[in-house]
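Q: After the sequence you'll find the predicted model.
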Amino acid sequence: MHGTARHNTVETSASGRLKRDEALWLGIFLSFLAALPALLAWTPQMTDYPSHLAGYQIMVDHGRDPFLTKYFQFKWEWTGNLGVELLMVPMAPLFGIELAGRIIVALIPILTGLSIISVSWTLRRRVGVGAILAFATIWSPSLLMGFLNYSLSVALALFAFAVWVQLDERHWTRRLLFIPAGFVVWLCHVSGWGVLGVMVFGYEWTKRRNWLDWRPFLKPWPLIFPLVPMLLGMGANSKVSYGGGVLDYKWGILYKAMRSYDYLLDVTSVAVLALVLFVAFVTRRIDGRMGWAALILFGLTLVVPRQIFGGDYADYRLSTTALLVACLAINWPAPRWGLALSGLLFTSRLAITSVAWYQDAQTARQMIAALDYMPEGAKVATAVAIPRSQWLFGPFEHFGSYAVVRRSAMENSNFALPDVHMLTMRETAFRFADPTQRILYSSNQRIDLRKFRPAVHAEYLWYIGKAKPVALPDGARILYSTSNSFLARLAIPADLANPVDGS
């Protein structure tokens with residue numbers, strides 16, 4: 001790693017300042033452009049988003065809705081995973097829960113883009129190829145899956161890191177400021193706090209006098225205080241798991257670091273970034289102030305378990321963040337055409353994501369009309385057919401949670417596991433939460449909904465999937481259907497004993 005490799009002197013000519021300003025404005029423009037998918041879709045098409053929205057709805061209801069109070073309970077815990085929850089407290093009363101959620105989703109990519117520009121500008125007083133390439137990582141698998149708190153925390157961590165660098169000569173001001181700043185990032189998401197710590201350490205490591213200099217290990221001390229509530233167990237879940245097939249899985253999360261909606265483009269994107277990083281390293285254009293952090297984050301991607309603190313993909317989300325930080329380590333000035341070419345990777349990926357979100361939103365608009373046939377407080381079993389092998393992220397895996405948002409229903413795709421989530425089900429005699437809605441199927445497998453267990457405890461069955469089931473529960477009547485979904489009224493025992501057709 002080449003320390004602060006090839007630090008270019010600040011251009012003082014009028015043409016140099018103009019070029020820097022143009023690159024800065026390009027970065028700002030791309031930051032706001034990053035919100036395009038959220039503007040085109042009437043609701044965010046993220047895998048987990050509907051269930052998060054249902055959780056926010058119950059959180060801000062405060063016991064006013066009798067059905068939500070009957071079916072769910074929400075217990076606040078001060079833990080490192082509260083970013084959007086805290087934003088929803090003031091925003092939901094102002095905008096309504098659905099619009100507030102959409103605004104927050106639109107803000108996250110904007111903030112991430114602006115934070116990328118902030119780091120680049122603070123380090124080098126210009127926006128180069130690396131920063132523009134980093135934009136391609138904004139719509140990461142984490143964001144597309146709906147990891148809102150983590151994605152927001154990464155943006156805040158980048159902003160905080162830029163401030164750390166800016167206050168390099170004001171040590172006590174920085175120390176006093178970063179004690180609360182560390183708590184803010186940690187409250188948003190614990191992993192974002194970890195990313196901030198890694199970036200600060202990597203930055204200080206490049207300033208060491210020799211390999212025995214221990215000061216870089218002590219410099220990040222203002223960020224250490226969130227360890228106190230973590231060690232006290234405030235809301236922490238200690239379950240840790242690597243899962244099965246660790247080697248294959250770890251390789252998978254590396255080449256899937258840019259996974260979105262097009263296999264060829266996504267794999268090519270990883271290859272392009274890897275190639276540029278390799279060339280930058282060989283030509284000594286890697287800035288160690290970010291490069292060491294990127295190297296550590298790649299290492300953590302391989303070492304960190306898949307499941308930690310009650311959350312899944314703890315390691316997967318780091319792979320894209322490592323790429324983002326690695327791109328910021330590229331210290332490579334470029335002419336206008338070079339910046340434009342670098343931005344092409346981001347804009348092409350953004351275009352595909354925007355089209356996919358718009359199309360999926362039109363499908364979602366048809367599907368959500370099923371709620372017109374569902375009374376308030378209904379008990380709904382959602383069944384979502386998911387192919388065992390697919391590249392794109394399905395947006396409808398938690399779509400059934402809209403029954404909670406709009407009909408105060410009891411529904412089974414919500415994140416409501418005891419000792420894991422702040423939201424839990426009041427009914428504990430049977431399991432009626434994520435992942436009971438999932439039906440994983442192979443191409444030659446038939447889907448028989450008579451075997452779908454959650455339907456036993458429900459009044460309605462909401463099926464979502466391209467594969468057509470071969471059988472419905474006995475006595476079920478379809479009330480509404482689309483090309484890839486239907487809502488059925490389930491028979492109660494009395495209906496089965498006295499069928500309408502007399503048979």
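A: Cool, the structure landed. Small disclaimer: the values here were computed from a predicted structure and weren't measured.
Q: Can you give the strand pairings for the strand ranked longest in the chain, parallel or anti for each?
A: Taking DSSP state E as the criterion, the chain has its longest strand at strand 379-387. Using DSSP bridges, strand 379-387 pairs in its sheet with strand 410-411 (parallel), strand 438-441 (parallel), strand 460-464 (parallel).
Q: What mean pLDDT does the longest one get?
A: Yep, that's strand 460-464 we're talking about. Strand 460-464 carries an average pLDDT of 98.
Q: on that earlier part again, can you say which of the strands paired with strand 379-387 is nearest to W332?
A: Proximity to W332 (Cβ to Cβ) singles out strand 438-441 among the strands paired with strand 379-387, at 44.3 Å. From N, CA and C alone the C-beta is placed, and that goes for glycine too.
Q: Only C-alpha atoms, please: export the closest one in PDB.
A: The C-alpha coordinates for strand 438-441 follow below in PDB (Å, rounded to 0.1, in the frame of the first residue of the first chain):
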ATOM      1  CA  ARG A 438     -41.600 -18.700   1.900                       C
ATOM      2  CA  ILE A 439     -42.200 -21.600  -0.300                       C
ATOM      3  CA  LEU A 440     -38.900 -22.500  -2.000                       C
ATOM      4  CA  TYR A 441     -39.400 -24.600  -5.100                       C
END
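Q: where does it sit relative to the chain's centre, distance-wise?
A: Chain-centre distance of strand 438-441: 22 Å, with Cα atoms, centre = their mean, to the nearest Å.
Q: can you pull the buried residues of it?
A: I439, Y441 (16 or more other Cβ atoms under 10 Å).
Q: on that earlier part again, what residues sit buried inside the longest strand of the chain?
A: By 16+ other Cβ under 10 Å, the buried positions in strand 379-387 come out as K379, V380, A381, T382, A383, V384, A385, I386.
Q: Closest one to R349 out of the residues you listed, please.
A: Checking those against R349 with Cβ to Cβ, the nearest one is I386 at 23.9 Å.
Q: and the gap between the closest one and I439?
A: Separation of I386 from I439 (Cβ to Cβ, to the nearest Å): 7 Å.
Q: and what of T301?
A: Computed as Cβ to Cβ, the T301 to I439 distance reads 31 Å.
Q: mind putting the strands paired with strand 379-387 in TSV, distance to H52 included?
A: Formatted as TSV, those follow (distance: least, Cβ to Cβ, whole Å):
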stretch	distance to H52
strand 410-411	14
strand 438-441	17
strand 460-464	18
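Q: Specify the stretch among the ones you listed that is closest to F432.
A: Closest approach to F432 among those (Cβ to Cβ): strand 410-411, 6.9 Å.
Q: Give the closest residue to L297 in space, chain neighbours not counted.
A: The shortest distance from L297 to any non-neighbouring residue, by Cβ to Cβ, 6 or more residues apart in numbering, is to A322 (3.7 Å).
Q: contacting residues for that neighbour?
A: Contact analysis of A322 by Cβ atoms under 8 Å, 6 or more residues apart in numbering lists A257, A294, L297, F298, L300, T301.
Q: got the contact list for S120?
A: S120 makes contact with G27, R126, V127, G128, G130, A131, L328 under the criterion Cβ under 8 Å, 6+ apart.
Q: which one among those gets closest to E77?
A: Out of the contacts of S120, the member with the shortest distance to E77 (by Cβ to Cβ) is L328, at 33.5 Å.
Q: so what's that closest one up against?
A: With Cβ under 8 Å, 6+ apart, L328 has these contacts: I116, V119, S120, L123, G130, A131, A134, M290, A294.
Q: Mind checking which of the contacts of A322 land in helices?
A: A294, L297, F298, L300, T301 (DSSP state H).
Q: Name whatever forms a beta bridge with the spatially closest residue to A458 that is not a sequence neighbour.
A: Once flanking residues are discounted, A458 sits nearest to A381: 3.6 Å by Cβ to Cβ, 6+ apart. A381 has these beta-bridge partners by DSSP bridges: L461.
Q: And A381, how far from Y49?
A: Per Cβ to Cβ, A381 is found 20 Å from Y49.
Q: What are the buried residues along stretch 364-371?
A: For stretch 364-371, a neighbour-count test (16+ other Cβ under 10 Å) marks A364, M367, I368, A370, L371 as buried.
Q: can you check stretch 255-262 too?
A: Buried, per 16+ other Cβ under 10 Å, within stretch 255-262: K256, A257, M258, R259, S260, Y261, D262.
Q: Likewise for stretch 268-277?
A: Of the residues in stretch 268-277, S269, V270, V272, L273, V276, L277 count as buried by neighbour count, 16+ other Cβ under 10 Å.
Q: Which of the residues you listed fall in helices?
A: Using DSSP H, the members of these that fall in helices are S269, V270, V272, L273, V276, L277.
Q: give me every residue that touches the second one.
A: So the one you mean is V270. V270 makes contact with L254, Y255, A257, M258, L323 under the criterion Cβ under 8 Å, 6+ apart.
Q: make it 7 Å
A: For V270, the contacting residues are Y255, A257, M258, by Cβ atoms under 7 Å, 6 or more residues apart in numbering.
Q: now do the third one
A: Listed by Cβ under 7 Å, 6+ apart, the contact partners of V272 are L345.
Q: State the pLDDT value of it.
A: pLDDT at V272 comes out at 96.
Q: pLDDT and secondary structure for the buried residues of stretch 364-371 - can I get that in CSV?
A: Converted to CSV, those look like this (pLDDT from 0 to 100; DSSP: H, G, I helix; E, B strand; the rest coil):
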residue, pLDDT, secondary structure
A364, 98, helix
M367, 98, helix
I368, 98, helix
A370, 98, helix
L371, 98, helix
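Q: Report the secondary structure state of S51.
A: Assigned with DSSP: H, G, I helix; E, B strand; the rest coil, S51 falls in the helix class.
Q: quick one: contacts for it?
A: By Cβ under 7 Å, 6+ apart, the contact set of S51 is H398, S401, S413, N414, F415, D434.
Q: My guess is the fourth one contacts V404. True?
A: Pointing back at N414 there. Yes - contact criterion Cβ atoms under 7 Å: N414 and V404 qualify, at 6.5 Å.
Q: tell me, what's touching the two both at once?
A: A54.
Q: Give me the distance between G465 and Q362.
A: With Cβ to Cβ as the criterion, G465 and Q362 are 17 Å apart.
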